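Novice: Structure for this input, please:
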Amino acid sequence: MVAIGGLHVIVLLLAWAVGIAVIGAAVYFAVRLAVTHALKAHTRWVDNGKP
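Specialist: All right, here's what the predicted structure looks like:
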């Protein structure tokens, strides 16, 4: 019975790790897209203000 309980803990930890990895990847790509958009918008803004 101890081995089955140990396996359950390992599976639970792996499930948490996968969930955290998926959420982390989603946050990473959202921030990356936001920064890219902001940099492009800033570049357009600066270029439009040039004489």
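Novice: can we go C-alpha only for contacts and neighbour counts from here?
Specialist: OK.
Novice: Who are the contact partners of residue 34?
Specialist: By CA atoms under 8 Å, 6 or more residues apart in numbering, no residues touch residue 34.
Novice: Look at it and report its pLDDT.
Specialist: Residue 34 is assigned a pLDDT of 98 by the prediction.
Novice: Which secondary structure state does it sit in?
Specialist: Three-state call for residue 34 (DSSP: H, G, I helix; E, B strand; the rest coil): helix.
Novice: all numbers from here: first residue = 40
Specialist: Okay, residue one is now 40; in that scheme the one you just asked about reads as residue 73.
Novice: how far away is it from residue 60?
Specialist: Counting by CA to CA, to the nearest Å, the gap from residue 73 to residue 60 is 20 Å.
Novice: likewise residue 69?
Specialist: Taking CA to CA, one finds residue 69 at 14 Å from residue 60.
Novice: Residue ranges in the protein under the pLDDT threshold?
Specialist: 40-43, 89-90 (pLDDT under 70).
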